[in-house]
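*Asks:* need the 3D shape of this:
(one chain, ligands or ions: 1)
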Amino acid sequence: EPTEDKKALIEFSRNINHSRPLNWDEKTSACSSWVGVTCSDDKSRIIAVRLPGFGLRGPIPSNTLSRLSGLQILSLRSNRISGVFPSDFSMLGNITSIYLQSNHLQGALPLDFSSWKNLSILDLSNNALNGSIPHSISNLTHLTALYLENNSLSGEIPDLNIPSLQLLDLSNNNLIGSLPKSLHRFPSSAFARNHLSDDYSSLALTPAFPPISQPKKKSTKLSQSAILGIIIGSSTLAFVIIAILITACFSKKQSESGVIDKPQKKEKSKNKLGASVSQNGNNRLTFFEGSELAFDLEDLLSASAEVLGKGTFGTTYKAALEEANNTVAVKRLKGLTVGRRDFEQQMEIVGRIRHENVTPLRAYFYSKEEKLMVYDFYTQGSVSTILHEKRSGNRINLDWESRLRIAIGAARGVAHIHSQNGGKLVHGNIKASNVFINSQQYGFVSDLGLATIMTPLVPPVMRVGGYRAPEVTDSRKATQASDVYSFGVLLLELLTGKSPIHTPGGQEVIHLVKWVHSVVREEWTAEVFDVQLLRYPNIEEEMVEMLQIGMTCVTRMPEQRPKIYDVVKMVEDIRRVNTENRPSPETRSDVSTPAVTPPPIAEIGASSSGQQGKSTS
Ligand SMILES: Nc1ncnc2c1ncn2[C@@H]1O[C@H](COP(=O)(O)OP(=O)(O)OP(=O)(O)O)[C@@H](O)[C@H]1O
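*Replies:* So this is what the prediction gives:
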């Protein structure tokens, strides 16, 4: 099985005896005889060769790489490989990452990059390469990182107009001339120690990404993650137990009163609300068109309620309306920064949205004391629950098809939101707990439009920190570009199965975005992916694509992030492109899941009927 090949290859490269230098022939023969055991010597099925720091020496033999036609990751860094690039070097049609840094490679860079259509990372730093940087590198339209520092490259820097490029280092070469405009977005350090004619000190001083804390030893990192998992698991368990106790206590008191409120204030609050309502006569929930809900405020307040969770802007309850035979989710807001008029205006904008990938707001209520928002209740829980919560000791398995659909649906939902209110509406709080799944497993987004009118209730860093774009210091300043950042974090979460921030008890805080960058930079791309996904065959390419999209979305500079409309297309294209390359459904193990053939965004109807799993009783 290819997946087994991959795992075994990784194991192989890790476990092989590091203690003595090996030459290339010895290594390749060891590799091919080993590969022969599991994949009938069919080298086109090898997807990763990782031999970093193995003491390989001598030139890369020609006609070796071209036989590895399925290769996606080539990691030969920190060896003693010398000589020039073999002529078949640029023929790796599926390659996504090349790590050849810290070797003794000489001669010019390959000129023809036309086969590397999926290449995302090219690291040839710390070699002895000379000649100029070929302009044809611009044809690498998926390139996100280019490292050519510490070589002897000469000539002028070509106009590398590659929109996807986020990380660039050309420092410490012999480059001359002036810097093309397309590269002014990179920090001056990327061009330092060359002979360029201009002064680039005015360029950005900060790198495009936050500095990456390099992982320590791989083995330490892995065991640390395992320990983190255990610590998080046990603290989550402790938290869940406390939450259950609090909820049980709350429900008990509430069942006596039947009101949604803090237990000790229940009657008072109900009377007070009723009094203020009767005074100004405004005791109605405002329902939106298309809502079939038949209940009033009194019904809502007397419904038995259960706390679903406390969020950034208040507490959300599951409320069972017995008479109306309906269960709804009620969000009780705290920390409103705008007055009634602005609040109602915002609710009107949000409430008018009817789109398959956006949760419909059914009703709202505003009084001095209470601000409520009513949604359908989704029995399955959010993507966060499905992705991270354990049932019977194990995480629920979310297969790759479902994750793709969640990403596609959520992207379409956010794109629709961005098209509203004259193209100015911002979601402001995209995160896995605000994404739900419809009956076809497509994601849809909830909780929109609140960030700009609410003051967060001093959210703990765990809650929003991991999703928030670096430029957003106050959630009211959220923008469409910061939505794209948060969406990128969601993509990384779907890929890795990890929460955006881990705070494993002690002082160490692990940011998913930084962690992914560091792992990818260290060429362990495959280690980024959720282990649950490794069991599905032939999806590595798609996962790498989603990784690239996620990383593009979390670009540090907001103006360099793609627009959500482009993100929709990119996410949809993951499967469209690859259906041609994938085996027919009959030969796949995941035949039970139909291929994703989403309609184009424009064709998605304005109805919300596609959302299922909502409770009506
Ligand atoms: N309509 C709904 N149906 C089912 N569960 C819901 C619904 N709306 C929210 N929830 C769940 O209730 C919990 C609390 O939601 P809430 O939106 O208040 O906070 P949050 O999502 O954790 O954070 P934030 O306020 O930043 O969005 C979350 O687990 C959320 O997934």
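*Asks:* what's the burial count for the residue of the chain found nearest the ligand?
*Replies:* As assessed by Cβ to the nearest ligand atom, the ligand sits closest to G311 within the chain, at 2.1 Å. Quick note: C-beta positions are derived from backbone N, CA and C, even for glycine. By the measure other Cβ atoms under 10 Å, the count of residues near G311 is 22.
*Asks:* check the one 4 residues further on too.
*Replies:* One way to gauge burial is a neighbour count; for T315, by other Cβ under 10 Å, it gives 18.
*Asks:* helix or strand next in line after the helix or strand containing it, which one?
*Replies:* Per DSSP states H and E: T315 is located in strand 314-321. Heading C-terminal from strand 314-321, the first helix or strand you meet, by DSSP H and E, is strand 326-333.
*Asks:* tell me the strands beside that following strand, with direction?
*Replies:* Here strand 326-333 has these sheet partners by DSSP bridges: strand 314-321 (antiparallel), strand 371-376 (antiparallel).
*Asks:* does the ligand sit close to it?
*Replies:* Yes: using Cβ under 6 Å from any ligand atom, strand 326-333 reaches the ligand at A329, K331.
*Asks:* need the residues that contact that strand.
*Replies:* Strand 326-333 is contacted from outside by 260, 293-295, 300, 305, 308, 311, 313-321, 362, 370-378, 447, 450, 454, 615-617, using Cβ atoms under 8 Å, 6 or more residues apart in numbering.
*Asks:* mind checking which of those are buried?
*Replies:* Neighbour counting with 16 or more other Cβ atoms under 10 Å marks 260, 293, 295, 300, 305, 308, 311, 313-321, 362, 370-378, 447, 450, 454 as buried within the contacts of strand 326-333.
*Asks:* what about Y147, how many residues nearby?
*Replies:* For Y147, using other Cβ under 10 Å, the count is 22.
*Asks:* dump the residue contacts of it.
*Replies:* Going by Cβ under 8 Å, 6+ apart, Y147 touches Q101, L122, D123, L124, S125, L167, L168, D169.
*Asks:* mind redoing it with 10 Å?
*Replies:* Contact analysis of Y147 by Cβ atoms under 10 Å, 6 or more residues apart in numbering lists 99-101, 121-126, 167-171, 190, 521.
*Asks:* buried among these? Need that as a selection in ChimeraX.
*Replies:* Filtering these down to the buried ones (16+ other Cβ under 10 Å) takes a single ChimeraX command:
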select :99,100,101,121,122,123,124,125,126,167,168,169,170,171,190,521
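*Asks:* filter the contacts of Y147 down to just the ones in helices.
*Replies:* Cross-referencing the contacts of Y147 against helices under DSSP state H gives R521.
*Asks:* what is the mean pLDDT for stretch 472-483?
*Replies:* In this model, stretch 472-483 has a mean pLDDT of 84.
*Asks:* now D483: which helix or strand?
*Replies:* Following DSSP H and E, one finds D483 within helix 480-496.
*Asks:* against which helices or strands is that helix packed?
*Replies:* helix 383-388, helix 400-418, strand 435-437, strand 443-445, helix 512-521, helix 525-528, helix 540-553, helix 564-579 (3 or more Cβ pairs under 10 Å, 6 or more residues apart in numbering; DSSP states H and E).
*Asks:* again, 7 Å this time
*Replies:* Secondary-structure packing of helix 480-496 (3 or more Cβ pairs under 7 Å, 6 or more residues apart in numbering; DSSP states H and E): helix 400-418, helix 512-521, helix 540-553, helix 564-579.
*Asks:* can the strand holding T315 be found next to the ligand?
*Replies:* Yes: against the ligand, strand 314-321 shows contacts by Cβ under 6 Å from any ligand atom at T316.
*Asks:* could you dump that strand to PDB, C-alpha only?
*Replies:* Once non-C-alpha atoms are left out, strand 314-321 reads as follows in PDB (Å, rounded to 0.1, in the frame of the first residue of the first chain):
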ATOM      1  CA  GLY A 314     -21.800  35.600  25.700                       C
ATOM      2  CA  THR A 315     -23.300  32.200  26.500                       C
ATOM      3  CA  THR A 316     -25.100  29.900  24.100                       C
ATOM      4  CA  TYR A 317     -27.900  27.700  25.400                       C
ATOM      5  CA  LYS A 318     -29.800  24.800  23.900                       C
ATOM      6  CA  ALA A 319     -33.500  25.700  24.600                       C
ATOM      7  CA  ALA A 320     -36.200  23.100  24.300                       C
ATOM      8  CA  LEU A 321     -39.600  24.700  23.500                       C
END
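*Asks:* what are the contacting residues of that strand?
*Replies:* Applying Cβ atoms under 7 Å, 6 or more residues apart in numbering, the contact partners of strand 314-321 are 260, 295, 299-300, 303-309, 327-334, 377.
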